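Student: how would this look folded up:
(chains A, B, C and D)
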4 protein chains.
Amino acid sequence: MNELLRFLNLRVDLAVEARDLIRGATGQEVPGVEETVEQMEYIKINTINILNEIGAQQMGRPIGTYVTIQSPPLKINDPYVKDEIITAMEKKLPLLFQNMLKPGDTVLLVGLGNWRATADALGPKFIEYSPITRHYHQEAPQALVEGMRPVCGIAPGVLGITGIETFEIIKGVVDRIKPALVIAVDALAAQNVERIGTTIQMSNTGIQPGAGIGNMRHSLTYEGLGVPVIAIGCPTIVNAGIIADQAIRKFCLHSGAMYNETRAVDAIKEVLSFFGGGLGVTPTEIDEIIENASRILAMGVAKSLFPGISEEQLELYAT
Amino acid sequence: MNELLRFLNLRVDLAVEARDLIRGATGQEVPGVEETVEQMEYIKINTINILNEIGAQQMGRPIGTYVTIQSPPLKINDPYVKDEIITAMEKKLPLLFQNMLKPGDTVLLVGLGNWRATADALGPKFIEYSPITRHYHQEAPQALVEGMRPVCGIAPGVLGITGIETFEIIKGVVDRIKPALVIAVDALAAQNVERIGTTIQMSNTGIQPGAGIGNMRHSLTYEGLGVPVIAIGCPTIVNAGIIADQAIRKFCLHSGAMYNETRAVDAIKEVLSFFGGGLGVTPTEIDEIIENASRILAMGVAKSLFPGISEEQLELYAT
Amino acid sequence: MNELLRFLNLRVDLAVEARDLIRGATGQEVPGVEETVEQMEYIKINTINILNEIGAQQMGRPIGTYVTIQSPPLKINDPYVKDEIITAMEKKLPLLFQNMLKPGDTVLLVGLGNWRATADALGPKFIEYSPITRHYHQEAPQALVEGMRPVCGIAPGVLGITGIETFEIIKGVVDRIKPALVIAVDALAAQNVERIGTTIQMSNTGIQPGAGIGNMRHSLTYEGLGVPVIAIGCPTIVNAGIIADQAIRKFCLHSGAMYNETRAVDAIKEVLSFFGGGLGVTPTEIDEIIENASRILAMGVAKSLFPGISEEQLELYAT
Amino acid sequence: MNELLRFLNLRVDLAVEARDLIRGATGQEVPGVEETVEQMEYIKINTINILNEIGAQQMGRPIGTYVTIQSPPLKINDPYVKDEIITAMEKKLPLLFQNMLKPGDTVLLVGLGNWRATADALGPKFIEYSPITRHYHQEAPQALVEGMRPVCGIAPGVLGITGIETFEIIKGVVDRIKPALVIAVDALAAQNVERIGTTIQMSNTGIQPGAGIGNMRHSLTYEGLGVPVIAIGCPTIVNAGIIADQAIRKFCLHSGAMYNETRAVDAIKEVLSFFGGGLGVTPTEIDEIIENASRILAMGVAKSLFPGISEEQLELYAT
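Tutor: Purely as a prediction, here's the structure:
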């Protein structure tokens, strides 16, 4: 798989998929990594703890906790499933930011991605549906429900449309308004089309450039921003090369041919060369998937930040 | 290939791809079909004439003329390429509707597809950028440039959002306003990702349900609507199964394994079963591709309907 | 007032305002017109029955029933007020279409207006938020809740963007699909800024061109379409001349100056000549008002068409 | 007029209107203020120089230069008028930022306003249509035309949707990327409906909170941001109270009644109390006006920042 990922210039965004890739190679538990699974009525919650540098090295991502919520396929618009996902986020997110956040502390929500590209608009739409309260604290505190903390939000766009590195915009804002916590939402790439619109990953490690390696000073992490960063993401895209490779592997299995990664990568290169290997696949229902997922994320985060306040009340503070 | 197309429930939208599939199987010219190719500075124009029932049977589409414009990859936003495409449309479209349209005749533009799904919004956006003049003829003829014909336009939506068959809406409007010609624009599916945003097909045969077979009374054709129909389409999507199959074939070629369509289809089924085989692939740049392509189509059609009127003037009548 | 309305080329869209204008002139009840008022907890429901030709002549609109729901100012986003409005629509609409509609009959929803002009997008947005079910009846009846009737919907656009009279499109569709009832939603003009976003008018008389006079054969009425038409509208705009006239009247009252309509119209002409008198006033919150009002109308209509089905279920059929 | 402006809580955004109000009161030239007028073929260019503190006090805005371009009413979509406006911006803007900007210096474009409220979306749309080049300088300098400076752009939103003061976001970004110049575009309020969509104001004084008074440390000015700020604005809105007052004045003129500002304000209060006096008036064509104006501003600014580069080339860098 590594050769393919290198050719496609891909990182593995989901910790559960990184774990599967490693296990697939060795067939064993990953050292330095602990995992628990909870099966709810409709959804499955998977918690991976990377405990030490050995685990971090293996998993290609920092020490920390990665919580993954998986809903059954094609069910994200079902009101019961929605409720269960939101409840899970409400319960799990505070475990991730536990000691970082006191009542009354300010939180900055960051919606990463490009609002002009449908599959990448998850973060900006998350901001649109999130309750925003920080400005009322000075201007109209009577408009707040008792105990509401200051929450603000920004969708910084992407380098291609602003000409400014996303990090620079967020760092600039963080330095001015000094939040106690940043929660960043982004669209992710998955290794499997089934994950699109069915998986939510939440971690307390922020977002690293280039698979956990690289210049941490310019990353959306505690090291880069100077405040803790919770990262939340949903897969919205799969690289076409991944799908092609899976098909070749299955074909070899069925037909008895011998799979060879180098030759598979050569074949995929020829088919996808037109887009430089960078062909993202999205289902044609992507507009609807993004709409639903961003609303669920906004409500799940809001419930965790404003404990005890009802969904109906919180919706009134969405902008 | 047929087994795969059947499993994926796909029709071949482009005549040039249908021709390639048949040639691939037999290695010979297709009987009853004539083809000419013109190479311009940047683009290639391919004209396929299906001459008789034998050709129609072979090609799986009606007797008629299919003109395909192919621009070089990734060049659609280049102003010189744009100009050459528009000029080619201006020259070729009148050959398709030659005797059907007299000066002063009314034309109805139809933008097929779903404006809420990015990859399917080509037709509705085409209407948005097209000059509309019919209402001035009665209300404010002085606002028209001398010799402008009445052109009107409708984007009927899709069954899933209106609850009404597209044919019923268009037939209803045609029966009321009695245009001399219908020009229908739609997003197509291709067999090859290179075609997305680089290919335009124009034909004088209208649009048939289900690969040229089926109930012609409810098709966007002369038979169905009672007026001639020019169909224009651009590929905006490729089925993921097609890509996977191409990768398997290339892999077999490279590795010396024997390709077997049944086993390839089995492999693809497993990988794509989640979306029922219906996973459409679009490049992540699809929003921009649709924007550019719809503007080019609108101008190319407008230049053919309003000969001698400049692009700047025509843009003033876009709505 | 008549001189001003003539100069501004305005019709009075709301029956309650027409009644007020007539009463203001005569100080008496309007002959041939009956009126009842119900005060609910938050909203007021006003029912005007025009009983005969004398009443129709006086009121400048056809014989029929006009139900007006008025919510308190600035409250339309309050969930309790929303619920009361929806309940009122659910109760009153069936009285308007009582004998016209049997269970299982098809209804065609029509969203009038221009989706590209914010204040005029009420109708198209109403369609977007309305449950659409007609296509499931043939294709997938198992996806319907027991007893759901076929409902379809169309937003025909406006003459300026299609080049086709709205009537022609709707008549064309009605002739093809033969619904038992048409429900048409449109943005209205009011005489008073307080009405914007606070008033809903529902009537069983359809929509007439030009204040009830003119060619009925081309109107959205039983006469024009051949099926009964329920018209629903919300004021989203007030002509600036109306506001100016009100200010002049109040000024005269306060300062003891003598109001003179001819001179007021002359003054208003000078101030507004730039836009030919046609300056529509909308509050800057209009985007939000349209969003809220269209959702409420969609749910109110849906509850009346699908009795006994919950809001949560109905929302799943919105497109 | 002052009483009315106070009640409506209005500032006078346009320097030419401030000058008219002062002249109207005194009938004389304003001391400390110089003015020149140039009549082009279609447009008029008015340059007001506030020379000293006396002029600043009178005009209620800082010492500096205010250039106003006025196009004839209803002509903004005429290609010849567009060209003349863009040429005027290309010529006048460099006079405003003359010594502040060397070739190769970075410029930060700021699009103020709310992208979700049509009449306030001028700034965000300006960013959308502006060429952005800064990111190519490091990543892909070969993609730039020789001599293109680094330009980047941000639309920070408004306090009501982010919960963050606009100043804080911009100051944060300026501190990180250290541009040599900021160009800020915003929608303005006018005293006269004729100005909507026909007037462009450009000044070298930045944007001050509250009519030039107030805390300069938090203003979009050199004092606040530490870099020079060019402010560009177009009126998109007129307060309904202003229109009502104008009508009352004209009425008094015509009817011989005595105008009295206190009584006029009382009358207007009664008519507009519903919206707290804050009723902004926009013509119903506002969507189209914003679209046209933002494109013109983007091209006018681009031509001044990238001298010698053609419009066609610049459009390729719009995002």
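Student: On the three-state scheme, the residue nearest to A:Tyr259 when sequence neighbours are not counted is what?
Tutor: Leaving out its chain neighbours, the residue that sits closest to A:Tyr259 by Cβ to Cβ, 6 or more residues apart in numbering or on different chains is A:Cys252, at 4.1 Å. Heads up, the C-betas are built off the backbone N, CA and C, glycines and all. With DSSP: H, G, I helix; E, B strand; the rest coil as the basis, the three-state label of A:Cys252 is helix.
Student: distance of A:Cys252 from A:Gln191?
Tutor: Distance, A:Cys252 to A:Gln191, by Cβ to Cβ, to the nearest Å: 18 Å.
Student: Heading C-terminal from the strand or helix carrying A:Gln138, find the next helix or strand.
Tutor: Using DSSP states H and E, A:Gln138 sits in helix A:134-139. Per DSSP H and E, helix A:134-139 leads on to strand A:151-154 as the next helix or strand towards the C-terminus.
Student: Provide the strand pairings for that following strand, with the direction of each partner.
Tutor: According to DSSP bridges, strand A:151-154 forms sheet pairs with strand A:107-111 (parallel).
Student: Taking strand A:107-111 as reference, get the angle to the next helix or strand after the partner strand.
Tutor: Later in the chain than strand A:107-111, the nearest helix or strand by DSSP H and E is helix A:122-129. Using axes from the mean of the first three to the mean of the last three Cα atoms, to 10 degrees, the direction of helix A:122-129 lies 130 degrees away from that of strand A:107-111.
Student: Could I get the average pLDDT for helix A:122-129?
Tutor: In this model, helix A:122-129 carries a mean pLDDT of 97.
Student: Now do the contacts for the closest residue to A:Leu316 other than its chain neighbours.
Tutor: Closest residue to A:Leu316 apart from its sequence neighbours, by Cβ to Cβ, 6+ apart: C:Asn77 at 7.0 Å. C:Asn77 makes contacts with A:316, C:288, C:292, as judged by Cβ atoms under 8 Å, 6 or more residues apart in numbering or on different chains.
Student: can you count the residues close to whatever residue of the stretch 201-319 of chain A ends up closest to chain D?
Tutor: Per Cβ to the nearest Cβ, A:Thr319 is where the stretch 201-319 of chain A lies closest to chain D, at 4.0 Å. The number of residues packed near A:Thr319 is 18, by other Cβ atoms under 10 Å in any protein chain shown.
Student: tell me which element the closest residue to it other than its chain neighbours falls in.
Tutor: Once flanking residues are discounted, A:Thr319 sits nearest to D:Ile161: 4.0 Å by Cβ to Cβ, 6+ apart. Element membership for D:Ile161 (DSSP H and E) is helix D:159-162.
Student: May I have that helix as PDB, with CA atoms only?
Tutor: Taking C-alpha atoms only, helix D:159-162 is exported to PDB below (Å, rounded to 0.1, in the frame of the first residue of the first chain):
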ATOM      1  CA  LEU D 159     -19.500  40.400  14.100                       C
ATOM      2  CA  GLY D 160     -23.000  38.900  13.900                       C
ATOM      3  CA  ILE D 161     -21.800  35.800  12.100                       C
ATOM      4  CA  THR D 162     -18.300  35.200  13.500                       C
END
